[in-house]
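> Attaching a predicted model along with its sequence, questions to come.
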Amino acid sequence: MAIRFEQTGWVFSGALHVGVAVAALVGLPRLARDLPPPPPINIEFVRIAEETRVVAPKAPEVQQAQAVEKPQPNYAAAEAVEPVADDAAPLLEKAKPQKVAPVPKPRPQVSENRKLANRVAPRAKPKPPSRLKIKRIAALIDRSIKEEQEQVQKIEEPKKEAVKAPEPDKKPLFSPGLRGQIATASIIDALSQKVAGNWSLPGGAKGIQNMQVTIRIWLRPDGYLSRSPEFLDAGNLNDPDRAFFRVFAESAKRAVLLSEPFSEVAKNLGADQKYIDFNFNPSSFVGG
Amino acid sequence: MNAGIWVKKAFGFLVVMVVVSTGAAAQLKVDVTRASPDPVPIAIPDFVPVEDVETPTGNLSDIGASIGEVITNNLVSTGLFRAIDQNAFIEKITAAPTRPRFNAWRPLAAQALVTGRLQILANGNLRVEFRLWDVVGELQMEGVGYNTPASNWRRIAHVISDRIYTRLTGEAGYFDTRIVYIAEQGDALNRIKRLAIMDQDGANQQFLTDGSYLVLTPRFSPNRQEITFLSYFNDKPRVYLFNILSNRFEVLGDFPSMTFSPRFSPDGNKVVMSLAQDGNSDVYLMDLRTRDVKRLTSDPGIDTSPSYSPDGRHIVFNSDRGGSQQLYVMDPDGDNVQRISFGRGRYATPVWSPRGDLIAFTKIGDRKFRIGVMRPDGKGERLLTDAYQDEGPTWSPNGRVLMFFRTPPYDNAGNGGKPSLWSVDLTGYNEHKVPTPYDASDPAWSPPLPVTSR
């Protein structure tokens, strides 16, 4: 009889679970209400130029390593280690969980009387005695400090080599390389936006969407122009039939001059990078 | 084994390609594909007299200040320039013909500087010299002198404005031009309409007719200071020709039936218009030299508002031959008619831009009359205004600005319905009202006034 009762319970439980699963599978997608769309957020898209998607060179790693602050070990090595309280122990265990052996669950040593009492009324589970000891924790801290010191030494070693490497001017930021990082928000985009902010273009002119002009500039180390900007393949600007192109080209040149100095890029230009070319192309915003 | 060799080869190829491609990008190339929408800051100090003397028109220093003010207003009205406050000027410009101290103008963010000097010549004429400086590039961009009677100072200010505008934008200026329009007075049931003319900035208002007869649709000749307009004489429509410089009227012809919107051909020798005969309106062409009239369209639909392309090779007009009022383009002899407008609503009063790249029109739809432009092939339609009733567009001679008249709706108190002149840049920005002493409608923009050069 008892066996029958157990079987019925199993059947009932199984049927209930299956029912809940079927209800969830079939009903939930239909029961789900369509949530209202989130409120719109104005986002200004910054167009990233094709050129800036190039793979950045390996050299920047060296440059950046010099610029990065010296990594500090995340412990207070110079400070005297105070006696660690028991309640601080779990934090250290959390930091290095793999180093601490799992604490075995203590077996309660209870008498027959206690067993009988437990049958009558449940009691709180007895706390196992702590096996953590201050000596063990101190050893763990010493080991952690040692490991971190070794790690810092490993990081500092290549940095020392980099200091001995050639001067920054000889290793340009934009030199060719195999590795690097994607320079989407790179200095090229910053330059483009800086010059664009100073470019006042008389819009609405006929044929403006088909115009573009390239201006080459040469920089001193302090970011100021070392010579007057030059137009590349701009043709005769004094041609009376190209009056608007002349104005267009002059507005571009004015934008470059107004953007001086280019200190953000001058220090990173290498010996083989003597100039920067700015290509002014209004087709994307005048409806060309 | 073979697979290993192929992998090595492929890896080597990739290495070479990466080295080559990164090497090509060694030099910095920056694309600038956006520009600042802000107007260009420009500094225009008062023009300075060499010697401050009294003239019949006024004190020479006052004339210098007025010239500077007119130039400033002209340039600022375009929306392309921002005048720097004179109180911020660091350097005081003198009449000495020297280079300005550019360092004193750069902190004001000035990109251009206009300096000028005045003097009275021995013959009593006024000499006005101006120089346009590129503050950023530290060079003189323009320098011109004009001799004229002192009373003509305002026109000289417009001529100088045109030179500056042309040099800074690359387009011809439109400040030394005039507007002819219909000045309206009186209540709605007893409206007096007179032909009036003024400078493009609203100065020098004059009436050309006395209001004793109805005047409609004035249009400027594209190359002469002549106006053609429609009037009623003995209750019959009559097309007139009026020469502004000689102040002479001439009757082009009496037309027994209804006549609409006469407009000049680009060479000024012909007038194209629509005539209603036998209950049907069609486009006709009149040769002003021979007075011969030729019919260009013969469709049973209503064909009106013809306008020549600036090269004279096409005529745009509106017609309801397709069921609703739409724009059509045809050859100057009436052949090869093609519909160009296909949008919702109706299209009226098409006007071809003087530079040929756009056609302006009045679009009727959504319970509004709005001014718009489209390319001659019908593409790129844009509405420039969005008021209750804007109509009758006319182009500035450089094809950059449109003027039209706006009529507000009547309110519950019976106010409204009084038209006024407005202008808007073809980009749709810089819409502003043109001052007129009375209600104004149906504007027509003149070509640039003639300037005699030695």
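Good, I have the coordinates.
> residues in the stretch 251-400 of chain B within reach of chain A, list them.
B:355, B:357, B:380, B:399, B:400 (Cβ under 8 Å from any Cβ of the partner chain). Backbone N, C-alpha and C define where each C-beta goes, glycine included.
> separation between the second one and residue B:127?
Separation of residue B:357 from residue B:127 (Cβ to Cβ, to the nearest Å): 39 Å.
> just the buried members of the residues of the stretch 251-400 of chain B next to chain A?
B:355, B:357, B:399, B:400 (16 or more other Cβ atoms under 10 Å in any protein chain shown).
> shouldn't the first one be in contact with residue B:397?
This means residue B:355. No: using Cβ atoms under 8 Å, residue B:355 is not in contact with residue B:397, being 9.4 Å away.
> And the residue of the stretch 351-454 of chain B closest to chain A?
Residue of the stretch 351-454 of chain B nearest chain A, by Cβ to the nearest Cβ: residue B:427 (4.6 Å).
> Can you pull out the low-pLDDT segments for the stretch 1-150 of chain B?
Regions of the stretch 1-150 of chain B meeting the criterion pLDDT under 70 cover residues B:1-26.
> same check, this time on the stretch 351-454 of chain B
B:452-454.
> need the strands for it, in chain order.
For the stretch 351-454 of chain B, strands defined by DSSP state E, counting those that start in this stretch occupy the ranges B:359-365, B:368-374, B:382-383, B:390-395, B:401-406, B:420-425, B:432-434, B:439-445.
> Among the ones you listed, which comes closest to residue A:196?
For residue A:196, the closest of the strands of the stretch 351-454 of chain B is strand B:420-425, at 21.5 Å, according to Cβ to Cβ.
> contacting residues around that closest one?
A:204, B:78-79, B:179, B:181, B:371, B:384-385, B:390, B:400-406, B:430-434, B:436, B:439-441, B:443 (Cβ atoms under 8 Å, 6 or more residues apart in numbering or on different chains).
> Going through these, which ones are buried?
Buried among these by 16+ other Cβ under 10 Å: A:204, B:78-79, B:179, B:181, B:371, B:384-385, B:390, B:400-406, B:430-431, B:434, B:436, B:439-441, B:443.
> Can you pull out the low-pLDDT segments for the stretch 151-288 of chain A?
A:151-185, A:203-206, A:270-273, A:286-288.
> List the single closest residue to the residue of it found nearest chain B in space, sequence neighbours excluded.
When scored by Cβ to the nearest Cβ, the stretch 151-288 of chain A has residue A:244 as its residue closest to chain B, at 3.1 Å. Spatial nearest neighbour of residue A:244, chain neighbours left out: residue B:170 (3.1 Å); criterion: Cβ to Cβ, 6 or more residues apart in numbering or on different chains.
> Tell me, how many residues neighbour that neighbour?
21 (other Cβ atoms under 10 Å in any protein chain shown).
> Show me which residues of the stretch 51-200 of chain B are close to chain A?
The stretch 51-200 of chain B comes close to chain A at residues B:80, B:111, B:134, B:136, B:137, B:166, B:167, B:168, B:169, B:170, B:171, as judged by Cβ under 8 Å from any Cβ.
> Surely residue B:87 is in a helix?
Yes: counting by DSSP: H, G, I helix; E, B strand; the rest coil, residue B:87 is located in a helix.
> who touches it in this structure?
Going by Cβ under 8 Å, 6+ apart, the list of residues near residue B:87 is empty.
> Would you mind measuring from it to chain A?
The gap separating residue B:87 from chain A is 23 Å, by Cβ to the nearest Cβ, to the nearest Å.
> what's the answer for residue B:265, then?
Counting by Cβ to the nearest Cβ, the gap from residue B:265 to chain A is 22 Å.
> Which single residue of the stretch 201-350 of chain B approaches chain A most closely?
For the stretch 201-350 of chain B, Cβ to the nearest Cβ, closest residue to chain A: residue B:310, 11.7 Å.
> Taking chain B, what residue is nearest to chain A?
Among all residues of chain B, residue B:170 sits closest to chain A, at 3.1 Å; criterion: Cβ to the nearest Cβ.
> Just want the phi and psi numbers for that residue.
Per-residue torsions, residue B:170: phi 80, psi 0 (degrees, to the nearest 10).
> Could you give the secondary structure assignment for residue A:221?
coil.
> Just give the closest residue to it, not the sequence neighbours.
residue A:266 (5.7 Å).
> Check the offset of stretch B:208-221 from the chain's centre.
Centroid displacement of stretch B:208-221 relative to its chain, using Cα atoms, centre = their mean, to the nearest Å, is 21 Å.
> So what touches that stretch?
Counting by Cβ under 8 Å, 6+ apart, B:180-182, B:185, B:192-197, B:226-233, B:242, B:260-264, B:268, B:442, B:444-447 sit against stretch B:208-221.
> try 7 Å this time
B:180, B:182, B:192-197, B:227-233, B:242, B:261-264, B:268, B:442, B:444-447 (Cβ atoms under 7 Å, 6 or more residues apart in numbering or on different chains).
> Buried members of the residues you listed into PyMOL, please.
Those of the contacts of stretch B:208-221 that count as buried under 16+ other Cβ under 10 Å are selected in PyMOL with:
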select buried, chain B and resi 180+182+193+194+195+196+197+227+228+229+230+231+242+261+262+263+264+268+442+444+445+446+447
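> how deep is the residue lying closest to residue B:245 once chain neighbours are set aside tucked in, by neighbour count?
Distances taken as Cβ to Cβ, 6+ apart place residue B:225 nearest to residue B:245, at 5.0 Å, with adjacent residues excluded. The local packing of residue B:225 (other Cβ under 10 Å) involves 16 other residues.
> Touching, residue B:225 and residue B:244? I think so.
Yes: contact criterion Cβ atoms under 7 Å: residue B:225 and residue B:244 qualify, at 4.3 Å.
> re the thing from before, cross the contacts of stretch B:208-221 against strands and list the overlap.
Those of these mapping onto strands are B:180, B:182, B:192-197, B:227-233, B:242, B:261-264, B:442, B:444-445, per DSSP state E.
> what's the first-to-last distance across stretch B:372-392?
Using Cα to Cα, to the nearest Å, the gap from the first to the last residue of stretch B:372-392 comes to 11 Å.
> same check, this time on stretch B:107-127
32 Å.
> So for that stretch, what gets flagged as buried?
Buried residues in stretch B:107-127 (16+ other Cβ under 10 Å): B:108, B:110-120, B:126-127.
> and residue B:262, what is it in contact with?
So residue B:262 contacts B:217, B:219, B:228, B:230, B:239, B:271, B:273 (Cβ under 7 Å, 6+ apart).
> How about it: what's its closest non-neighbour residue?
Residue B:262 sits nearest to residue B:273 (Cβ to Cβ, 6+ apart), 4.0 Å away.
> what about the residue of the stretch 201-350 of chain B closest to chain A, neighbour count?
Neighbour tally, residue B:310, other Cβ under 10 Å: 16.
> That one contacts residue B:358, doesn't it?
No: Residue B:310 sits out of contact with residue B:358 when judged by Cβ under 7 Å, with a separation of 10.9 Å.
> okay but residue B:250 is in contact with residue B:239, surely?
No: using Cβ under 7 Å, residue B:250 makes no contact with residue B:239, being 9.8 Å away.
> quick one, which of these two is more surrounded?
residue B:239 (20 against 12).
> follow-up on the earlier one: so among the residues of the stretch 51-200 of chain B next to chain A, which ones count as buried?
Using 16+ other Cβ under 10 Å, the buried members of those are B:80, B:111, B:134, B:136, B:137, B:166, B:167, B:168, B:169, B:170, B:171.
> Grab the nearest non-local neighbour of residue B:165.
residue B:173 (4.0 Å).
> Now do the contacts for the one you found.
Counting by Cβ under 7 Å, 6+ apart, residue B:173 has contacts B:161, B:162, B:165, B:166, B:398.
> Put together TSV for those, with secondary structure on each row.
Output for the contacts of residue B:173, formatted as TSV (three-state DSSP):
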residue	secondary structure
B:161	helix
B:162	helix
B:165	helix
B:166	helix
B:398	coil
